[in-house]
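>>> Got a predicted model here, sequence first, then my questions.
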Amino acid sequence: MMRAATLRALFHAASAGALHDNPGRFFLALLGIALGVSLGVAVHLINASALNEFSLAVRGLTGKVDLVIRGPRAGFAEELYPKVARLPQVQAVSPAVEIDVPLSGSSDRLKLIGIDPFRMAMIQPALLAGMQNQITDLLDPDAVLLSHAAADWLGMKAGDTLRAYVGTTSIELKVAGLLPPSAYRQRLGVMDIASAQWRLARLGRLNRIDLRLHPGVDIAAFRHDLATLLPAGVIVTTPDVEVERSASVSRAYRLNLDMLALVALFTGAFLVYSTQVLSVLRRRTHFALLRVTGLTRLALVRLLVAEGALMGVAGSTLGVVLGYGVAAAMLKHFGTDLGAGYFDAISPALHVEPGALALFWLLGIAFCVLGATLPAIEAGRRAPALALKAKDEEESFKKQRAMPYGMALIGFGLACTQAPALTGLPLLGYLAIALILLGTILILPWLVAVLLPRLPAPRFPPALLATAQLKASPRHVAISITAIVTSFSLMVAMLIMVGSFRNSLDHWLTRVLPADLYLRAARGGETGFFTSEEQARIAGTPGVASVRFLRSQNLLLGPDRPPISLLARPVDAGAAHHTLPLTGPSRVPRADEPPPVWVSEIAADLFQYHVGDHIILPIGGQAMRFTVAGIWRDYARQTGAAIIDRDLYIRITGDTLANDAALWLAAGASLQQTRQALRERLRGADGIDIAETREIRATSLAIFDRTFAITYALEIVAVLIGLFGVSVSFSAQALARRREFGVLRHVGMTRREIGIMLGCEGIWVAGLGVGVGLALGWVISLILIHVINRQSFHWSMDLHLPWLALAGLAAALVAAASATAVWSGRRAMDRSVLSAVREDW
Amino acid sequence: MLTIRNLNKSYAGVRHRAVLCDIHLDLARGEYIAIMGESGIGKSTLLNLIAGLDSPDSGSIKLDGTEFTAMDDDARTLLRRERMGFVFQAFHLLPHLTVEQNAALPLVLGGGAPAQCSQRTHELLGAVGIAALAASYPRELSGGEMQRVAIARALVHRPQLVLADEPTGNLDPDSARQVLQVMREQIKSNAGAGILVTHSPTAASTTDRIYVLTAEGLLPQ
């Protein structure tokens, strides 16, 4: 075992000098790791805080109950409640109406829960413990009690009026007070159940029944028996499954963000790798002298790995602190939503998981150690006699044979793309990307050695010298472009994926928005609808040639699945491909088959539906059989959707209400005048939202762009780290080549010409990196589109290459790399050229 | 051809040090001289000033009547490119260029036509006896061979003035003798002038005249 004093002396002899001479390069590598770790920590903390708050909020809704009976948005008949309450196993039962209401004057919505306070007190006494004085207030039919989060968000206090839309008109509720701070964490309001049923147009309907069972009752067995008593589409579940089902909606999105954050860390590791490789090369004679004077091979390797670990400890520590600060600031100023809208109704505090912080800290160190180990082994292998001989750099590299391993990794990665999702997540898809990326990095030296000799020999002397320099040092070039290939390929992949998604969304919007005008009963929530009389008025509006009404409900198909949307609208089964964005062939059911349903590809993936299948959907409390007539692309509803003909829906349910209307104008009718006419004919219906197709399209695309803003931000950081890598590499080489610059100045090369030479080298190197990055990025984008996205979100999309953006990004990167090369060279040229060759003069 | 008058150079710093005092030198075309002197006396500084790599405190350096000290850095660099050649003690060949590419460097920088560059380079590599090594890289050469490449590079563009600093300092006696002989032959055949800075009396003896740099100035031996 080496003594501490010996280690200190060794570190001083082998490492301290390098650190002292080039602190900037070490600082950049350290910053790369710190940025990677900080992004990982920040994204993870924000997600964990959101999820923690979300789980607490969902648990708060159900409280400490044994089972929850839950119905779809349309609810179920309240007659179920006494039936369940009378079951001998049930100790206490609490019915509820739970509904999102659109708020007047905004596009926001608020969850309102109608409860029977006396029944609820039996189930959740702790929850209502602080509400004794408010329970009587709640019996006022207009009264609502707001959670503190809702009151803060709405800026309301007791006595204020809360306006919300039901149907197309506004109702007024009186804020009777605030719920105890411990009652509910999310934004919501509580009403008396009877008031809620009346004021929110849910008479005779319930959404939820909470149950507590007598001690000793076998919950699983009772749940199974109870399920048989429930109407179709009503499920019984446990609070834990409720939490899991709610969280599962955002699970893939959260994993995607975590993976993106890891990309930055991955790039940082390559930065450490290139820093260490170049640093080891520069110190090779130094190490050889230490070896000659008795330092063992193993001790040298340990020393260099320890260098990487030290860099990792410093970078990781800085990264954890930075990430914590970023997460705290993001939560304070922007909340936890991260753009996707999953957590926009909760206001969490920073939830720190020490285990996760430690994991990211260790990951940062592990990546640094990994980045330092390969160069350390290489340094240990090199014979001191060879290393003492000058200019052995490229010679020593020639012995490395990583190409077969690289090809094997790429092959294994490609095989992983064919694997299905694991536990609903594209884990093997991510593994495939990591393997292909790593494999490409391993074959880079070979690839560069093959490509470089094919570089043309330009006439312009600085360019000629640059080309000669690169051709003679393929391994250096490979190291220089490692970080750039990593970050740029991932940026390209994201650009192609997001570009394909946006393009597909644009085309999809064109297909699903064929009308001239669209009406919605309310901008959001679940209580907006058009009555039959309003529908007639809309249809009779001057200038309107035809109208297509749509009724939207949701269906619960299983206790562990989020509800899918049911869309009832006119569809001509024989011409569905004209009106629906079908992804494949459709079929018209035979006369002896059940009626048609068109399912979204998300629903098809989740429930394994195929065209021609006969499936059962619980509509209007009945289990109805349908024939899957087609599968359509749907980017609007993330948990799946099914379309049936509206006439059929009305026949099954008797529900003639509609949520949306698509209007085609008569020839010559003006959009503006028709909008005005609609407003006049629906006077008093101030909740309706009238929009032209282009407005909906613009809003949809703006939401899309906002959703992906965070991914762009993460990718930009990865590219910045990649540029750090280029800078580290070029500045290391520029310093190592000062003597060469000195000689060139002696033989008559001006500073400007040397700058041009370095610029050319930068262009070639970055060009190679960008070329390889483009090809690799394209491959990764295919995995993102066809494997990751498909397995995460079940969305298909058409490949679309955003050439302009790719070319712009490539040009910007090449220019930045070239400028970095010139800048690094100028720094090396700052000192007098005399000192570069002073050993001789 | 080269005229130096009243050249003075000192280095500022904690310890102000006058290095060159009132140096005078006239070097005619075809002349090859040696400058000797103790270590630290300023031989390298004098070469730097003649090459335009450093600026004097006062005095004049003229090459064919052109005042060198009044030029800006780019002009001095271009003048060096066209009219001077350098031979270093440590050879300083560019490792990523072949022997031929190293030797042709001044011609390439001068924008010469590739065919003419190639012809002249081969001619000179032949003259210094390493034509067979044209495609080799510096790492594959011995010290003597590398210095021959350096001499070829210094003379390939037919410079008016060749500056050599201890060109045999890293060579064995046999190689040193051959290199000195080649250098003299090439400078003479090129009708240029040469300045050889050396500690070695043997090396100095291959030149036409020997000067000794002292604190009092540059004195003929």
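Done, it's in.
>>> Tell me, how many residues neighbour the residue in chain B positioned nearest to chain A?
Going by C-beta to the nearest C-beta, chain A is nearest to B:Arg81 of chain B, at 2.3 Å. For every residue, glycine as well, the C-beta is placed using N, CA and C. Using other C-beta atoms under 10 Å in any protein chain shown as the criterion, B:Arg81 is surrounded by 21 other residues.
>>> That one: which element?
helix B:73-83 (DSSP states H and E).
>>> Name every strand pairing with the helix or strand following that helix and say which way it goes.
Proceeding N to C from helix B:73-83, the next assigned helix or strand is strand B:84-87, under DSSP H and E. In the sheet, strand B:84-87 lines up against strand B:161-165 (parallel) (DSSP bridges).
>>> send the alpha carbons of the partner strand over as PDB?
Extracted C-alpha coordinates of strand B:161-165, given in PDB (Å, rounded to 0.1, in the frame of the first residue of the first chain):
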ATOM      1  CA  LEU B 161      21.200  34.800 -46.400                       C
ATOM      2  CA  VAL B 162      21.400  31.600 -44.500                       C
ATOM      3  CA  LEU B 163      21.400  31.700 -40.700                       C
ATOM      4  CA  ALA B 164      22.600  28.600 -38.900                       C
ATOM      5  CA  ASP B 165      22.700  28.200 -35.200                       C
END
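>>> counting contacts, what elements does the helix or strand following that strand pack onto?
Toward the C-terminus, strand B:161-165 is succeeded by helix B:173-189 as the next helix or strand (DSSP H and E). Where contact means 3 or more C-beta pairs under 8 Å, 6 or more residues apart in numbering or on different chains; DSSP states H and E, helix B:173-189 is packed against strand B:32-36, helix B:114-127, helix B:143-155, strand B:161-165, strand B:193-197, helix B:201-204.
>>> now with 7 Å?
With contacts defined as 3 or more C-beta pairs under 7 Å, 6 or more residues apart in numbering or on different chains; DSSP states H and E, helix B:173-189 has these neighbours: strand B:32-36, helix B:143-155.
>>> chain center to the helix or strand just after the shortest one, what's the gap?
Per DSSP H and E, the first helix or strand lying C-terminal to strand B:32-36 is helix B:43-51. Average the C-alpha atoms of helix B:43-51, do the same for its chain, and the two points are 10 Å apart (C-alpha atoms, centre = their mean, to the nearest Å).
>>> the inter-axis angle of helix B:43-51 versus helix B:73-83?
90 degrees (axes from the mean of the first three to the mean of the last three C-alpha atoms, to 10 degrees).
>>> quick one, helix B:43-51 and strand B:32-36 angle?
Going by the same axes, to 10 degrees, helix B:43-51 makes 140 degrees with strand B:32-36.
>>> ok, the residue most central in space within chain B - contacts?
Nearest to the mean C-alpha position of chain B, counting by C-alpha atoms, centre = their mean, stands B:Leu163 at 1.6 Å. The contact partners of B:Leu163, taken as C-beta atoms under 7 Å, 6 or more residues apart in numbering or on different chains, are B:Leu47, B:Ile50, B:Ala51, B:Met84, B:Phe86, B:Ile195.
>>> Could you find the closest non-adjacent residue to the residue of chain B closest to chain A?
A:Gly748 (2.3 Å; C-beta to C-beta, 6 or more residues apart in numbering or on different chains).
>>> A:Arg697: neighbour count?
Neighbours of A:Arg697 under the rule other C-beta under 10 Å: 16.
>>> Starting from the helix or strand that contains it, tell me the next helix or strand along the chain.
Element membership for A:Arg697, per DSSP H and E: helix A:693-736. With elements assigned by DSSP H and E, the helix or strand that comes after helix A:693-736 is helix A:738-746.
>>> That following helix near chain B anywhere?
Yes - using C-beta under 7 Å from any C-beta of the partner chain, helix A:738-746 reaches chain B at A:Arg739, A:Glu740, A:Val743, A:Arg745, A:His746.
>>> Looking at chain A, which residue is nearest chain B?
Chain B sits closest to A:Gly748 of chain A, with a gap of 2.3 Å, by C-beta to the nearest C-beta.
>>> Go ahead and confirm that residue touches B:Arg80.
Yes - at 4.7 Å, A:Gly748 counts as touching B:Arg80 under the criterion of C-beta atoms under 7 Å.
>>> ok, A:Val599 touching A:Val628?
Yes - using C-beta under 7 Å, A:Val599 is in contact with A:Val628, at 5.8 Å.
>>> Name whatever forms a beta bridge with the residue nearest to the centre of chain B.
B:Leu163 has these beta-bridge partners by DSSP bridges: B:Phe86, B:Ile195.
>>> separation between it and B:Ile50?
Between B:Leu163 and B:Ile50 the computed distance is 6 Å (C-beta to C-beta, to the nearest Å).
>>> Then A:Arg208?
96 Å.
>>> A:Phe741 too?
When distance is defined by C-beta to C-beta, A:Phe741 is 21 Å away from B:Ile50.
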